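>>> I'll drop the sequence and a predicted model, then ask my questions.
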Amino acid sequence: MIPVLRVGAMFLAATFLMAAAPAHSATPTDPQIAHIAYTAGNIDIKAAKLALSKSKNKDVIAFAKNMVSDHQAVNDKALALVKKLNVTPQDNDTSKALAKQAAAEQAKLSKLSGKAFDKEYAANELAFHKTVNGALKDTLIPDAQNPELKDLLSTGLKIFQGHQEHAQMLVDELK
Amino acid sequence: MTLRLAGPLAALSLALVAAAPAYAATIEVTIKQLVFSPAQISVKAGDTIEWVNKDFVAHTATSRDKSFDVQIPANGKGRLTVSKAGTFDYYCRFHPMMKGQIQATAP
């Protein structure tokens, strides 16, 4: 009896949690989507700045410089848009998960130097752009309600797909 | 007066046309939403290609054979004077899926 009751209680607790947190399964709102996109951009700028302070490889440096300028340009557009739309970006679990993962990667990269750093930075840039581009394509762009936000995210996706291909070239080159 | 001027003027015009049969042209390629348009252009050696970037990020026009590497700033322009005949495949170093081709013939 006791094990059955326990399972039952856990099941109930789980059901309750799901009911209490509908945001998990619900589609993200525009303020959340804006926050996720902006957070992802900032993460990449921070990683690029670390690369610029550590790498001696000219191709890694050129890539990182472009990450800073492109992501800054997209984030500037995003900030201007949310201001125009009078929308306040809203923190959410996806943004938090991205930030947590980025902090771990930043700590990992900080301990590396030379070619080991370059390879890890390039591999992570490739993986990060793949993840974010997948999220943009499958979730964030389809779920965005405001047409201007949708357009900006779509242009962003094209730019970031370019970065993904550039990162792939860098990974191949550093092998 | 009119008649007297017309003679030399007509001769001058003819001379200019004859002396410069291949005026160097400027061919424009627009960049919008990370696409070179037109992607393929035909030019003569001596012509200038002008890339007009409508995107808010910078691009490059970089030839596969490394013979040129043109910087094209965000919302800006980049220029290249084609110096020799040949077929040149080029791409953007920052967004390598952006591709174009220049077919240059002798002037």
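Noted; the coordinates are in hand.
>>> can we go C-alpha only for contacts and neighbour counts from here?
Will do.
>>> so how far is chain B from the one residue sitting closest to the centre of chain A?
Chain A has residue A:40 as the residue nearest its centroid, 3.3 Å off, counting by CA atoms, centre = their mean. Plainly put, residue A:40 is 17 Å away from chain B if you go by CA to the nearest CA, to the nearest Å.
>>> which residues does that residue contact?
A:95, A:98, A:132 (CA atoms under 8 Å, 6 or more residues apart in numbering or on different chains).
>>> dump the residues you listed into a markdown table; add pLDDT, distance to chain B and secondary structure as well.
Below are the contacts of residue A:40 laid out as a markdown table (pLDDT from 0 to 100; distance: CA to the nearest CA, whole Å; DSSP: H, G, I helix; E, B strand; the rest coil):
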| residue | pLDDT | distance to chain B | secondary structure |
| --- | --- | --- | --- |
| A:95 | 97 | 25 | helix |
| A:98 | 96 | 24 | helix |
| A:132 | 97 | 16 | helix |
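>>> quick one, phi/psi of residue 83?
Unless you meant another one, I'm taking chain A. Here is the backbone geometry of residue A:83 (degrees, to the nearest 10): phi -70, psi -50.
>>> oops, I was thinking of chain B
Per degrees, to the nearest 10, the backbone of residue B:83 is at phi -100, psi -20.
>>> which residues of chain A lie near chain B?
Residues of chain A lying close to chain B (CA under 8 Å from any CA of the partner chain) are A:63, A:66, A:69-70, A:73, A:155, A:158-159, A:161-163, A:165-166.
>>> find the nearest non-adjacent residue to the residue of chain A found nearest chain B, please.
Residue nearest to chain B within chain A: residue A:162 (3.8 Å; CA to the nearest CA). Distances taken as CA to CA, 6 or more residues apart in numbering or on different chains put residue B:95 closest to residue A:162, at 3.8 Å, once the chain neighbours are dropped.
>>> near the one you found, how many other residues are there?
By other CA atoms under 10 Å in any protein chain shown, 24 other residues sit near residue B:95.
>>> am I right that it is in contact with residue A:168?
No - if you go by CA atoms under 8 Å, residue B:95 and residue A:168 don't touch, sitting 11.2 Å apart.
>>> work out for me the element residue 60 sits within.
Because you didn't say which chain, this covers chain A. Secondary structure from DSSP states H and E places residue A:60 in helix A:58-85.
>>> try chain B instead
Going by DSSP H and E, residue B:60 is in strand B:59-63.
>>> so where do the strands sit in chain B?
Applying DSSP state E to chain B gives strands spanning B:26-32, B:35-37, B:40-44, B:48-53, B:59-63, B:69-72, B:77-81, B:86-91, B:99-105.
>>> could you spell out the sheet neighbours of the fourth one, each with its direction?
According to DSSP bridges, the neighbouring strands of strand B:48-53, each with its direction, are strand B:26-32 (parallel), strand B:77-81 (antiparallel).
>>> in it, what counts as buried?
Using 16 or more other CA atoms under 10 Å in any protein chain shown as the test for burial, strand B:48-53 gives B:48, B:49, B:50, B:51, B:52, B:53.
>>> any idea how far the last one lies from chain A?
What that stands for is residue B:53. Taking CA to the nearest CA, one finds residue B:53 at 14 Å from chain A.
>>> my read: that residue touches residue B:61, true?
No - checked against CA under 8 Å, the pair residue B:53 and residue B:61 is beyond contact range at 11.0 Å.
>>> any shared contact partners between the two?
Shared contacts of residue B:53 and residue B:61, counting by CA under 8 Å, 6+ apart, come down to residue B:72.
>>> for chain A, what are the nearby residues on chain B?
So chain B meets chain A at B:33, B:34, B:56, B:57, B:58, B:93, B:94, B:95, B:96, B:97 (CA under 8 Å from any CA).
>>> which of those ranks first by neighbour count?
The residues of chain B next to chain A, ranked by neighbours (other CA under 10 Å): first place residue B:94, 26 neighbours.
>>> can you get me a residue count around residue A:64?
The burial count for residue A:64: 26, using other CA under 10 Å.
>>> and what of residue B:104?
If we define neighbours as other CA under 10 Å, then residue B:104 has 20 of them.
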